[in-house]
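> Got a sequence here, can you build the structure:
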Amino acid sequence: MTLSISAYSGSGTISTTEISMTTGSSGPAVNTTAGIYQAYIDCNAMTAADEFQFAVYEKAVSGGTQRQVLNVHFRGVQATPIAVSPSLMLGIGWDMTLLKIAGTDRSLPYRIAQVV
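Residues are numbered from 1 along each chain as shown. Down below sits the predicted model:
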(Lines give C-alpha, C1' and ligand atoms only; values in the text may rest on other atoms or scores of the structure.)
Protein backbone atom coordinates (compact mmCIF):
# COMPACT_ATOMS: atom_id res chain seq x y z
CA MET A 1 0.00 0.00 0.00
CA THR A 2 1.18 3.51 -0.85
CA LEU A 3 -0.03 6.75 0.69
CA SER A 4 -0.12 9.90 -1.43
CA ILE A 5 -0.54 12.81 0.98
CA SER A 6 -1.51 15.17 -1.83
CA ALA A 7 -2.86 13.21 -4.78
CA TYR A 8 -4.87 16.28 -5.84
CA SER A 9 -4.75 19.80 -4.42
CA GLY A 10 -5.83 23.30 -5.25
CA SER A 11 -6.92 26.67 -3.99
CA GLY A 12 -9.35 28.32 -6.31
CA THR A 13 -12.11 30.80 -5.70
CA ILE A 14 -15.30 28.83 -5.22
CA SER A 15 -18.43 30.42 -6.71
CA THR A 16 -21.79 29.27 -8.05
CA THR A 17 -20.07 27.03 -10.62
CA GLU A 18 -19.40 23.56 -9.20
CA ILE A 19 -15.63 23.03 -9.22
CA SER A 20 -13.94 19.64 -9.58
CA MET A 21 -11.31 19.14 -6.89
CA THR A 22 -9.42 16.73 -9.19
CA THR A 23 -9.19 19.03 -12.24
CA GLY A 24 -9.71 22.56 -10.87
CA SER A 25 -12.30 23.25 -13.58
CA SER A 26 -16.09 22.97 -13.69
CA GLY A 27 -17.28 19.56 -12.63
CA PRO A 28 -17.96 16.95 -11.76
CA ALA A 29 -15.24 15.27 -13.79
CA VAL A 30 -14.94 11.49 -14.21
CA ASN A 31 -11.82 10.01 -12.61
CA THR A 32 -11.15 6.27 -12.86
CA THR A 33 -7.98 6.08 -10.75
CA ALA A 34 -8.89 3.53 -8.06
CA GLY A 35 -7.97 4.10 -4.45
CA ILE A 36 -9.13 5.11 -1.02
CA TYR A 37 -9.57 8.88 -0.91
CA GLN A 38 -10.07 11.48 1.81
CA ALA A 39 -10.58 15.23 1.29
CA TYR A 40 -9.28 18.08 3.46
CA ILE A 41 -10.92 21.49 2.94
CA ASP A 42 -9.72 24.66 4.70
CA CYS A 43 -12.92 26.59 5.55
CA ASN A 44 -11.18 29.20 7.71
CA ALA A 45 -12.10 32.09 5.34
CA MET A 46 -15.85 31.53 5.75
CA THR A 47 -18.03 34.18 7.41
CA ALA A 48 -21.49 34.00 9.01
CA ALA A 49 -23.27 34.60 5.66
CA ASP A 50 -21.41 31.87 3.72
CA GLU A 51 -22.60 28.40 2.75
CA PHE A 52 -20.63 25.95 0.63
CA GLN A 53 -21.36 22.42 -0.56
CA PHE A 54 -18.85 19.58 -0.73
CA ALA A 55 -19.99 16.62 -2.82
CA VAL A 56 -18.56 13.25 -3.83
CA TYR A 57 -19.69 11.48 -6.98
CA GLU A 58 -19.15 7.86 -8.08
CA LYS A 59 -20.68 5.25 -10.37
CA ALA A 60 -22.15 2.08 -8.84
CA VAL A 61 -21.02 -0.02 -11.80
CA SER A 62 -18.74 0.43 -14.79
CA GLY A 63 -20.74 2.10 -17.56
CA GLY A 64 -23.30 3.34 -15.04
CA THR A 65 -24.40 6.87 -14.27
CA GLN A 66 -22.26 9.05 -12.00
CA ARG A 67 -24.30 10.07 -8.93
CA GLN A 68 -23.74 11.82 -5.61
CA VAL A 69 -22.69 9.51 -2.80
CA LEU A 70 -21.96 12.26 -0.24
CA ASN A 71 -23.28 15.83 0.09
CA VAL A 72 -22.15 18.05 2.99
CA HIS A 73 -22.98 21.73 3.56
CA PHE A 74 -20.72 24.07 5.51
CA ARG A 75 -22.60 27.10 6.89
CA GLY A 76 -21.14 30.14 8.62
CA VAL A 77 -17.90 30.42 10.58
CA GLN A 78 -16.51 26.94 11.19
CA ALA A 79 -15.61 25.92 14.76
CA THR A 80 -13.19 23.40 13.23
CA PRO A 81 -11.78 25.25 10.19
CA ILE A 82 -10.44 22.21 8.33
CA ALA A 83 -13.18 19.86 7.19
CA VAL A 84 -12.18 16.22 6.66
CA SER A 85 -14.29 13.80 4.64
CA PRO A 86 -14.69 10.13 5.42
CA SER A 87 -12.33 7.77 3.59
CA LEU A 88 -14.07 6.36 0.52
CA MET A 89 -13.15 3.54 -1.87
CA LEU A 90 -13.54 5.08 -5.32
CA GLY A 91 -12.41 4.26 -8.84
CA ILE A 92 -15.17 3.64 -11.37
CA GLY A 93 -16.05 7.24 -12.25
CA TRP A 94 -15.61 9.51 -9.25
CA ASP A 95 -14.99 13.15 -8.37
CA MET A 96 -15.12 15.52 -5.39
CA THR A 97 -16.51 19.03 -5.89
CA LEU A 98 -17.05 22.37 -4.15
CA LEU A 99 -19.88 24.83 -4.80
CA LYS A 100 -20.95 28.13 -3.23
CA ILE A 101 -24.60 28.09 -2.14
CA ALA A 102 -24.76 31.52 -0.43
CA GLY A 103 -22.53 34.39 0.63
CA THR A 104 -19.31 35.61 -0.94
CA ASP A 105 -17.02 33.76 -3.35
CA ARG A 106 -14.12 32.41 -1.24
CA SER A 107 -10.76 30.79 -1.78
CA LEU A 108 -10.96 27.41 -0.03
CA PRO A 109 -7.62 25.56 -0.19
CA TYR A 110 -8.06 21.78 -0.41
CA ARG A 111 -6.29 18.52 -0.99
CA ILE A 112 -7.30 14.92 -1.59
CA ALA A 113 -5.12 12.22 -0.02
CA GLN A 114 -5.03 8.75 -1.61
CA VAL A 115 -4.21 5.21 -0.59
CA VAL A 116 -3.52 2.88 -3.54
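> Start and end of stretch 74-83, how far apart?
Terminal residues of stretch 74-83 lie 9 Å apart, using Cα to Cα, to the nearest Å.
> which other residues reach that stretch?
Contacts to stretch 74-83, defined as Cβ atoms under 8 Å, 6 or more residues apart in numbering, come from residues 39-44, 46-54, 72. No exception for glycine: its C-beta is placed from N, CA and C like everyone else's.
> cutoff 10 Å now
Outside stretch 74-83, the residues that touch it by Cβ atoms under 10 Å, 6 or more residues apart in numbering are 39-54, 72, 98, 101-103, 108-110.
> In contact with Asn43, which residues?
Asn isn't right for residue 43; it's Cys. Contact analysis of Cys43 by Cβ under 10 Å, 6+ apart lists 50, 52, 54, 74, 76-78, 80-83, 106, 108-110.
> among those, which ones are buried?
Among the contacts of Cys43, those classed as buried by 16 or more other Cβ atoms under 10 Å are 50, 52, 54, 74, 78, 83, 106, 108, 110.
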